[in-house]
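> Pasting the sequence and the predicted model now:
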Amino acid sequence: DDDAAPPLEAGLYVVATPIGNLEDLTFRALRVLRDCDEILCEDTRRTAKLLSHYGIRGGKGRLSSYHQHNRRSERHRRSLQSLRASA
């Protein structure tokens, strides 16, 4: 299929998500959220709602909270190490 998007390249993707209307999301943002290995977000409940709305899996281990109070956790250190290794 010539219209199929190529696989995501290894790297960090920052995706702006809608504040109010869940439909205010681009196709590219949906693709990144669907195809990425891990999603770090400020509020997992809101992000899980967004993912569910679009039928995107956000299961355990793929979706984790990341904000100013937990950004130095061991889990996030491993995420950053994995990101650096893929570069």
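Received it, and whenever you're ready, just let me know what you need.
> only C-alpha atoms for contact and neighbour calcs from this point on.
OK.
> what ranges do the helices span in the protein?
Using DSSP state H, the helices of the chain run over 27-35, 44-53, 74-86.
> Out of the helices and strands in this protein, which is least certain?
helix 74-86 (a mean of 81; mean pLDDT, DSSP states H and E).
> centre of the chain versus it, how much separation?
14 Å (CA atoms, centre = their mean, to the nearest Å).
> And for stretch 66-78?
Relative to its chain's centre, stretch 66-78 lies at 15 Å (CA atoms, centre = their mean).
> Kindly report the same for stretch 6-15.
10 Å.
> Pass me the low-pLDDT residue ranges in this protein, would you?
1-3, 59-61, 87 (pLDDT under 70).
> Grab the most central residue of it for me.
In the chain, the residue lying closest to the centroid (CA atoms, centre = their mean) is Ile39, at 3.0 Å.
> Hmm, Thr47 and it touching each other?
No: counting by CA atoms under 8 Å, Ile39 stays clear of Thr47, with 9.1 Å between them.
> Would you check that Glu42 makes contact with His69?
No: at 10.2 Å, Glu42 does not count as touching His69 under the criterion of CA under 8 Å.
> Tally up the residues packed near the closest residue to Asp37 other than its chain neighbours, please.
Leaving aside its chain neighbours, Asp37 sits nearest to Arg62 (6.5 Å; criterion: CA to CA, 6 or more residues apart in numbering). By other CA atoms under 10 Å, 12 other residues sit near Arg62.
> Please apply the same query to the one 3 residues further on.
Around Ser65 there are 16 other residues, counting by other CA under 10 Å.
> Name whatever forms a beta bridge with it.
Cys41 (DSSP bridges).
> No further questions, thank you.
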